[in-house]
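J.: sequence unavailable; structure follows:
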């Protein structure tokens, strides 16, 4: 009944070392592909792309020992920069929400919306530019 337990265990460490780099590259390319049109995405989709970038970055850290150091560090830095820029887009949306809660003054709300909108546009454009660099990561 337990014949499988009598078999020697395959070398899972070696298999993992062969599979992890390719799997992480695929996930990085998914982030890059979505990020290349980041400025055009709806806010929820932008947030999902940012979360995926965070997950991939953490995975690079977890599996660091299985990856070449130079490529790993470069990709992690690029993911972090992308994540930061995408986070600034989220921050601008939060500022807009807070502005609506904190004041009923229409001129002040309009000023906050203009400021936050411009900040979000710049951050989204930067995130998009950084995503292009992600896709070019060796």
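T.: In hand now; what should we look at? These numbers were taken from a predicted model, which means no experiment stands behind them.
J.: what about the residue positioned nearest the centre of the chain, distance to residue 77?
T.: Residue closest to the average C-alpha location in the chain (Cα atoms, centre = their mean): residue 53, at 1.9 Å. Distance, residue 53 to residue 77, using Cβ to Cβ, to the nearest Å: 12 Å. (Glycine included, C-beta is placed from N, CA and C.)
J.: ditto for residue 109
T.: 38 Å.
J.: more crowded one of the two?
T.: Using other Cβ atoms under 10 Å, the more surrounded residue of residue 109 and residue 77 is residue 109, with 15 against 12.
J.: residue contacts, residue 103?
T.: 109, 112 (Cβ atoms under 8 Å, 6 or more residues apart in numbering).
J.: distance check, it against residue 90.
T.: According to Cβ to Cβ, residue 103 and residue 90 sit 21 Å apart.
J.: and residue 120, by the same measure?
T.: In this view, residue 120 and residue 90 are 9 Å apart by Cβ to Cβ.
J.: beyond the lowest-mean-pLDDT helix or strand in the chain, next helix or strand please.
T.: Least confident helix or strand of the chain, by mean pLDDT, DSSP states H and E, is helix 3-6 with a mean of 48. Next helix or strand after helix 3-6 toward the C-terminus (DSSP states H and E): helix 12-35.
J.: which is the next helix or strand following that next one?
T.: Using DSSP H and E, the helix or strand that follows helix 12-35 in sequence is helix 43-62.
J.: what's around residue 43, how many residues?
T.: Residue 43, neighbours per other Cβ under 10 Å, totals 12.
J.: same thing with residue 94?
T.: 10.
J.: where's the helix or strand hosting it relative to the chain centroid, distance-wise?
T.: Assignment of secondary structure by DSSP H and E places residue 94 within helix 69-102. Mean-position distance between helix 69-102 and its chain equals 8 Å (Cα atoms, centre = their mean, to the nearest Å).
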